[in-house]
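Peer 1: Sequence and predicted model, in that order:
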Protein chains: 2
Amino acid sequence: MGGDGYLGWPTAMRFAARGHTVWVMDNYLRRQIALETGSEALTSNPNLPARAAIYQAQSGKSIHVVIGDCADYRAMAGVFAEFKPEAVIHYAEQPSAPFSMMNFGAARLTLNNNLNATFNVIYAVLEHAPDCHIIKLGTMGEYGVPNIDIEEGWLEVEHKGRKEKFLYPRQAGSLYHTTKVLDTDLLWFYVRTFGLRVTDLMQGPVYGLSTPEADMDERLIPNFHYDDIFGTVVNRFLAQAVAGIPLTVYGKGGQTRGYLNLLDTLQCVELAMSHPADKGQLRILNQFTQLFTVNELAEKVKRVGDHMGLNVKVEHIKNPRKEKEEHYYNAHHSGLKEMGLKPHLMTDEAVAGMLGRIAKYKDKIDAAKIMPRVRWA
Amino acid sequence: MGGDGYLGWPTAMRFAARGHTVWVMDNYLRRQIALETGSEALTSNPNLPARAAIYQAQSGKSIHVVIGDCADYRAMAGVFAEFKPEAVIHYAEQPSAPFSMMNFGAARLTLNNNLNATFNVIYAVLEHAPDCHIIKLGTMGEYGVPNIDIEEGWLEVEHKGRKEKFLYPRQAGSLYHTTKVLDTDLLWFYVRTFGLRVTDLMQGPVYGLSTPEADMDERLIPNFHYDDIFGTVVNRFLAQAVAGIPLTVYGKGGQTRGYLNLLDTLQCVELAMSHPADKGQLRILNQFTQLFTVNELAEKVKRVGDHMGLNVKVEHIKNPRKEKEEHYYNAHHSGLKEMGLKPHLMTDEAVAGMLGRIAKYKDKIDAAKIMPRVRWA
């Protein structure tokens, strides 16, 4: 679900490469929003049937494409009724925090699209594939930046001499992130009431544009966003370094988050699928490999970029978001490592590789897309 | 918002009686669902303009009626733009737990109606009345039945030597109750991001059908439901006692909840309004006056009913819900008492008064509406 996305398309290829029967469903909502907001990706990716045909020509593996709206129950239920999947990977959400904060229409679209897509997955599984393992993409942003350690989904509380284990309390920093909190609440209700099997992946910001499958043909590249609406911070910094635009650090830059390489997103989703959650289990995994502050990321990209002769500048700009710029952050993430995750860390070589790859598209980088256009308040 | 409801209509009259300028908005969604599910109220209440006219004839006070859908932003924004309210009381939600568990369509209607009504209130306030105090009806059911004390909205957690104060973790027992959890998450996000002023009332089940304003004319009676879909447990027991139908206790009957008289709902909402929350404050108040198990309620209704010659029977039936039937429950509720709440407790006289009032409608009680028709799983 959401097979046209930055993560959806590489994931579809990966599972097809492994020999699974793969269907993808998407209605190009992100492309439409990108068009409306002038936030198109670095490369103009072919549409899904074209990508599937290119991938099939390269690999001999097929990916079945359904163009449809995951927030439309009839469309989604039809897919489940026909395909009866063993697992569903639910990426089908409006993924931009700034877009969700832009205005009423964008906020309401985000709320309704994301909640209804999740609700439809739940009901399509209940009605058409009750043993199906739901793998849902959440976000580390659900937790916010609490003053205590972030545990892996759950928190044991001792209070006045008694104990209870709760879903870890969540308080996110944008409406987009808040819809993921609501998704988790909704999944948890239906898991404990109807015995669904669910893995909820609390993912940090992803970076990278290379996977073994995507690298088979330039046209199979994931849709790489470096803009203020859809671009995550690492990808934005990489594009800025290549284009000779100062890296834009929001505020003080002490914001710490857990990051991961796109290759590790694929690895984590594969691990989740090969170790399914039990019936009646909401398994929550914190999905990232390294913690960095924004300043540390900027310094790393600058150091590697300078070494490549890019002469990278770093600029602190007024923070368009409402967030803490210095805070305690200690997030645990042992579950996926115990399942066998072998992280691709953000080494200087990895950064250099990404800079080199993006440099091929240097002329396509549009500086007008980079500065923040949406302020939280 | 939701001015046609069991609480909405008595609230509208109460504030008009106090001299406030009162607008009510409703689209009769509950009446429509009651019709579709054969769950009509005990009396066929006049429509809102007719009720307002009757109340005006009795009291000389006017209530302005808007028939419109609170989940439709244009309709709600129009009200805010024109009226610019100082406070909004948001009751506009599909309030039946069994209906929300009936099937896909009922569940999705509940999710979308409730979330969008809340979202629209938030945005209508932001855009048209930024100082407006939002008084939102939540439910004690948001907390579920945790094994530790239920605090008033927030929980101080000490974890590995560090401390944080969180929104009290919530896990509700139906999709309806879960939508109220999502409402709270949504309100909390917009409160801390945009500085809204919000009071979120975690209310327990309400009973009663008499208020000074409603008692002025028989046609002003709140819509009293005793059915399995909209009837809360006390009102259902009272109707059963009057009609000579055994009181239906779901399962073991050890379920403990916090109850309150309709008169105290009005008092609490008045107290919340006369002590507004600050800008940027989500004030949460636990709104009930007494804790009872279902068995204790049944025994009380039986004792009083028997004394009135009703010969009341109590029957334990298979629990249609998925819930704990014996559990720890200690919920705190000091906030409203500190603001001056003077509870109307469920004395034998109070129960006798309600039984006497309902007895006037004995012939209208339809036994077919009482047994549970919706099972959770």
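Peer 2: Here it is on my side, so go on. Note that the coordinates shown come from a computational prediction; the quantities given were computed from them, not determined experimentally.
Peer 1: got the residues of the stretch 1-150 of chain A near chain B?
Peer 2: Listed as neighbours of chain B in the stretch 1-150 of chain A under the rule Cβ under 8 Å from any Cβ of the partner chain: A:73, A:104, A:107-108, A:111-112, A:115-116, A:119, A:123, A:127, A:146-149. The C-beta positions use only the backbone N, C-alpha and C, and glycine is treated the same way.
Peer 1: Buried only: go through those residues for me.
Peer 2: A:73, A:104, A:107-108, A:111-112, A:115-116, A:119, A:123, A:146, A:148-149 (16 or more other Cβ atoms under 10 Å in any protein chain shown).
Peer 1: Redo the residues you listed as CSV? Include distance to A:A16, pLDDT and secondary structure.
Peer 2: Output for these, formatted as CSV (distance: Cβ to Cβ, whole Å; pLDDT from 0 to 100; DSSP: H, G, I helix; E, B strand; the rest coil):
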residue, distance to A:A16, pLDDT, secondary structure
A:Y73, 27, 98, helix
A:F104, 40, 97, helix
A:A107, 35, 98, helix
A:R108, 35, 98, helix
A:L111, 33, 98, helix
A:N112, 31, 98, helix
A:L115, 29, 98, helix
A:N116, 28, 98, helix
A:F119, 28, 98, helix
A:Y123, 27, 98, helix
A:P146, 39, 98, coil
A:I148, 42, 98, coil
A:D149, 39, 98, coil
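Peer 1: pretty sure A:W23 is in contact with A:A87, am I right?
Peer 2: No: contact criterion Cβ atoms under 8 Å: A:W23 and A:A87 do not qualify, at 11.2 Å.
Peer 1: Could you measure from A:C132 over to B:L175?
Peer 2: The gap separating A:C132 from B:L175 is 20 Å, by Cβ to Cβ, to the nearest Å.
Peer 1: More neighbours: which of those two?
Peer 2: B:L175 (25 against 22; other Cβ atoms under 10 Å in any protein chain shown).
Peer 1: And the pLDDT at the spatially closest residue to the more buried one that is not a sequence neighbour?
Peer 2: With Cβ to Cβ, 6 or more residues apart in numbering or on different chains as the criterion, B:L175 has its nearest non-adjacent residue at 4.0 Å, and that residue is B:S100. We have a pLDDT of 98 for B:S100.
Peer 1: In contact with B:S100: list those residues for me.
Peer 2: With contact set as Cβ atoms under 8 Å, 6 or more residues apart in numbering or on different chains, B:S100 has these partners: B:Q94, B:A106, B:A107, B:T110, B:S174, B:L175, B:Y176, B:T179.
Peer 1: Phi first, then psi, for it.
Peer 2: When read as degrees, to the nearest 10, the backbone of B:S100 gives phi -60, psi -20.
Peer 1: Counting neighbours, which bits of whatever helix or strand A:T265 lives in end up buried?
Peer 2: Using DSSP states H and E, A:T265 maps to helix A:262-274. By neighbour count on 16+ other Cβ under 10 Å, the buried set for helix A:262-274 is A:L262, A:L263, A:D264, A:T265, A:L266, A:Q267, A:C268, A:V269, A:E270, A:L271, A:A272, A:M273.
Peer 1: Give me the contact status of whatever helix or strand comes next after it with chain B.
Peer 2: Where DSSP H and E defines the elements, the next helix or strand beyond helix A:262-274 is strand A:282-287. No: remark: strand A:282-287 sits outside contact range of chain B, by Cβ under 8 Å from any Cβ, the gap being at least 10.9 Å.
Peer 1: Pull the distance from strand A:282-287 to the chain's centre.
Peer 2: The chain centroid and the centroid of strand A:282-287 are separated by 14 Å under Cα atoms, centre = their mean, to the nearest Å.
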